[in-house]
Structures are given as structure tokens and as C-alpha cells.
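Asks: here is a sequence together with a model predicted from it:
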Protein chains: 2
Amino acid sequence: MVSRNRLQSDKENLRQEIMDAAREMFVAEGYANVSMRKIADKIGYSATTIYLYFKDKNDLLHQICEQTFARLAQNIKAIYMLSDNPLEKLRSGLREYIYFGLKHPSQYEIVFITPLPTNVESSFEESNGKIAFDTMRIVITECVSANLLKHNNVELISQTLWAGIHGVTSLLIQHTGFPFVEREILIDSVIDTLISGIKA
Amino acid sequence: MVSRNRLQSDKENLRQEIMDAAREMFVAEGYANVSMRKIADKIGYSATTIYLYFKDKNDLLHQICEQTFARLAQNIKAIYMLSDNPLEKLRSGLREYIYFGLKHPSQYEIVFITPLPTNVESSFEESNGKIAFDTMRIVITECVSANLLKHNNVELISQTLWAGIHGVTSLLIQHTGFPFVEREILIDSVIDTLISGIKA
DNA sequence: AATATAAATTAACACTGTTAATTTATATTT
DNA sequence: AAATATAAATTAACAGTGTTAATTTATATT
């Protein structure tokens, strides 16, 4: 810790260090079980220092989530480059969403499951989670244009699919003790059922 | 004896009185924002009295939820008496699940959305939420027997449908500010997509 | 009326998020 | 190089939390 003051004299470094420590602890112990003091201890600062970089505990949480979901948005966009078949793009996008959620369960929980004290939706409107959703909308528009679907209400289809993939993701994250059928089989079943249900 | 019965019923009364007060406050202000002291104040007792009737705050919460979900189980069972057509029964059951969740959002949240600190699943195994789920399984078995579905994996179909209806229910409960299409239209779309997706 | 039991309370503990006041370190100016 | 201004970090404190143990009050039984 001798060189600590030097290394972190850059404000951005400490900010990121706080986020890294907090993310790790939120994932391991759950948001509610991690106190500002514990985070501070981990990085060798006092609790109140965190308030110099984040408005409050909730703000810290959301900054972390945004970083993560920027990656989801990227991933989905990347996937949409790989194929020309709109329905295959859609299927891959749905898969990516679900597996991304399962890979980052506590952050998925925070963004899409946990009821936020602050005004969530106004922030969701400008969030990376929203960008991921918008990308899905574009692909569905492609499917509609190619006359591949039962009807052409893009918004309705998007929300219906979102409900489906959010449902399986959140169930698998939350009800860890429930005797689910094999994970991949259930995920495939949900995706197949949804696609089959909207196909012309 | 009369006096003894009266005592017992008094005890039951206070127990129920605590649950009623707590439920009302949980619904209005959210579980996390309601303290044991606030509940106690509302009914004119001290906070510690609640611990004579419930193990802890979490236990209190779960007792409340069980009371509510006993009604969901009842409702779904009742619905399954009304029709002979298995697919129609299934459709009605799915609808009831969703609308029940939307009618009791904070309790749905507690049972199916909120990640519980205590071991949830062991209690879910004996819960009324489980009974509702089991009833759905039975109807799906009827559909399979009548050769109405694509395949005959009842467990997989049950969980796939559960994912779908849980998805739309929790989205509508949680993301109140999101610009969803008209609620009934979205719900119908989810149900139609799911049924259409599993039908032979 | 005395005693045993049940019910409810008060006091206390170890926490929590957060704010204000204060100290310590760094940067800028004289 | 010394004095001053600014930024960064800390300590102290507040009002609140869930929960336990010890104690008082009320009820029932002898």
C-alpha cells in the first residue's frame, strides 16, 4: 500500500477500483448483504470516500450494471452480423440474452428483476439494456419484412419474446433449488416454442 | 374450556392482525421499507411482540404469501372444473395465473420474483404456489393424452409455459414505466404464442 | 390469596446508509 | 522555498434497522 496514493492519484482509477470491488462483492454476497463499509474496507478506504465518487449505494449499483450491459448490447449486435437469415439472427439473439443473463446473474437481477427504489424506467430508457432490446426490435422488423411471421406488429412481437426470454432467465436465476429439467433443454424449448408461436 | 378457547382465539387474532397490518404495509411501501417497529406501531404493540408469533421478518412475509397463494391454487382448480376442453382449460389457467399475479403484485413479487435470503425452494416444495403449478401439470397431461401437443414431455412443457407466463407477469409488475403495448393485448399475445408454439 | 405460566415490554447490541465537520495531501501562486 | 488555495480522504455522528435477553405485566391454576 506504499505506492497506493500515487497509483490512485488518478480519480478515474479509484472510481473503477470501487466498482470492481463492489461488483465482486455484490455478485458473491448479494446487494443487500454488502455494506458501504465492507466495500471500503476491501479497498482500504473509509466508507465515506465512496460518496465522493457515487451519489449513493444505488448509484454505485447502477453504474456497475451499465458497464455490464454495454457488453450485452455489443454481443447481440455482433451476433446480428454473423448471419443473413433473419429468423436465425433472432434465435441467436434470444439465446445470447438468456445466456448472458445466466452468466451475470446478480447484475441481471439488479437490472431486470429487482424493483429499484429510484425511478428505474426513466434510466432504463437511456440504458444499455434498452439498446439490447432495440437491437432485437430491428431484427424482428427484418423478419416481418421477409414475411416470415404471423403478423407484423413488431412492438407486440418484441415484447412477447422479451417476456418469454426474461421469464426463463429469471426463473433459472432465482429458483435455483427448483427441479428444472436440464438447463439447455429448457432454454431450447422456450426459444423453440416462442419462434414456432410467432412464425407464419 | 371457554376461557381457554377464548385465549387461543385471541392469540390467533393477534397473529392474524399482525399479518393483515404487515401485508397492507408491504404492499403499500415495499417489504424493505417496512420495519418491524412500524408494523408494531400500527397495531399498538411493541416490535418484539411480533417475534412471539413469527420467527423473523422473513417468516412473517412468507406466512402472508402462503395465505394469498392458497387462493391462487383454489382459483385455478375452480377454473379447471368449468371446461371439458383441455386446451381451453390450459389457456384459462395461464390467464388466471397472470391476472392473479397482477392483482397481487407485491405478493407475487415476494413469492416468485424477490430472491429470498432463506432457503426458498425447500419451502416452495410445500407451498401453495407449488400446488398451483401441479394443477397446471395435470391439465397438460390431459392435453398430451388427447394428442393435442407437439410432444409428450409434460414436465418440459409445464416449465416452458411457466417461464412464459412468469415472464410477462413479472415484467408488467416490475417495469411499470416501460411503454408496453396495451396490457390485455400483450397478455393474449404471450398466451397465444405459447399455446400455438406447443400445439401439434 | 398465592403461585405458576403466558404475554408483552424495555434495554441493549451490532449493524446500516448517509451527512457534516475536520484533517491530510496535493497543486498553485507568491 | 514558503504561503495559500484546492482537492481528497477521514472521523464523528445521526437516525434508523433486525433481533436477543432480561424484565415486567397480565392471566390462569392451584
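Replies: Received the coordinates, thanks. Just so you know, these numbers come straight off a predicted model, no measurement behind them.
Asks: count of neighbours near residue A:62?
Replies: Applying other C-beta atoms under 10 Å in any protein chain shown, we find 19 other residues in the vicinity of residue A:62. For glycine as for every other residue, the C-beta is placed from the backbone atoms N, C-alpha and C.
Asks: same question for the one 5 residues further on.
Replies: Neighbourhood size, residue A:67 [other C-beta under 10 Å]: 15.
Asks: so who does it touch?
Replies: For residue A:67, the contacting residues are residue A:19, taking C-beta atoms under 8 Å, 6 or more residues apart in numbering or on different chains as the criterion.
Asks: please, which helix or strand holds it?
Replies: Element membership for residue A:67 (DSSP states H and E) is helix A:57-82.
Asks: state the pLDDT value of residue A:57.
Replies: At residue A:57, the model reports a pLDDT of 94.
Asks: not counting its neighbours along the chain, what's nearest it?
Replies: Spatial nearest neighbour of residue A:57, excluding adjacent residues (C-beta to C-beta, 6 or more residues apart in numbering or on different chains): residue A:36 at 6.0 Å.
Asks: ok, the nearest residue in space to residue A:35 that is not next to it in sequence - contacts?
Replies: Distance criterion C-beta to C-beta, 6+ apart; nearest residue to residue A:35, sequence neighbours excluded, is residue A:47 at 7.8 Å. Contact partners of residue A:47, counting by C-beta under 8 Å, 6+ apart, are A:35-37, A:39-40.
Asks: mind putting the residues you listed in a markdown table, neighbour count included?
Replies: What follows is the contacts of residue A:47, written out as a markdown table (neighbours: other C-beta atoms under 10 Å in any protein chain shown):
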| residue | neighbour count |
| --- | --- |
| A:35 | 13 |
| A:36 | 18 |
| A:37 | 12 |
| A:39 | 23 |
| A:40 | 18 |
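Asks: nearest to DNA strand D among those residues?
Replies: Of all these, residue A:40 has the smallest distance to DNA strand D: 6.8 Å, by C-beta to the nearest atom of the strand.
Asks: okay, the residue nearest to the closest one when sequence neighbours are not counted and residue B:186: tell me how far apart.
Replies: The shortest distance from residue A:40 to any residue that is not its chain neighbour, by C-beta to C-beta, 6+ apart, is 4.3 Å, and that residue is residue A:47. As defined by C-beta to C-beta, to the nearest Å, residue A:47 lies at a distance of 43 Å from residue B:186.
Asks: stretch A:148-155 near chain B anywhere?
Replies: Yes. Stretch A:148-155 comes into contact with chain B (C-beta under 8 Å from any C-beta of the partner chain), by way of A:153, A:155.
Asks: does the helix holding residue A:67 reach DNA strand D?
Replies: No. Residues of helix A:57-82 are not located near DNA strand D by C-beta under 7 Å from any atom of the strand, the shortest gap being 13.5 Å.
Asks: next up, identify which helix or strand the residue lying closest to residue A:79 once chain neighbours are set aside is on.
Replies: Take residue A:79 and drop its neighbours on the chain: the residue closest to it by C-beta to C-beta, 6+ apart is residue A:92, 4.9 Å away. Take DSSP H and E as the rule and residue A:92 turns out to sit in helix A:86-103.
Asks: got the contact list for that helix?
Replies: Under C-beta under 8 Å, 6+ apart, the answer for helix A:86-103 is A:71-72, A:75-76, A:79-80, A:82-83, A:108, A:112, A:132, A:135-136, A:139-140, A:142-143, A:145-146, A:148, A:161, A:164-165, A:168-170, A:172-173, A:183, A:187, A:190-191, A:194-195, A:199.
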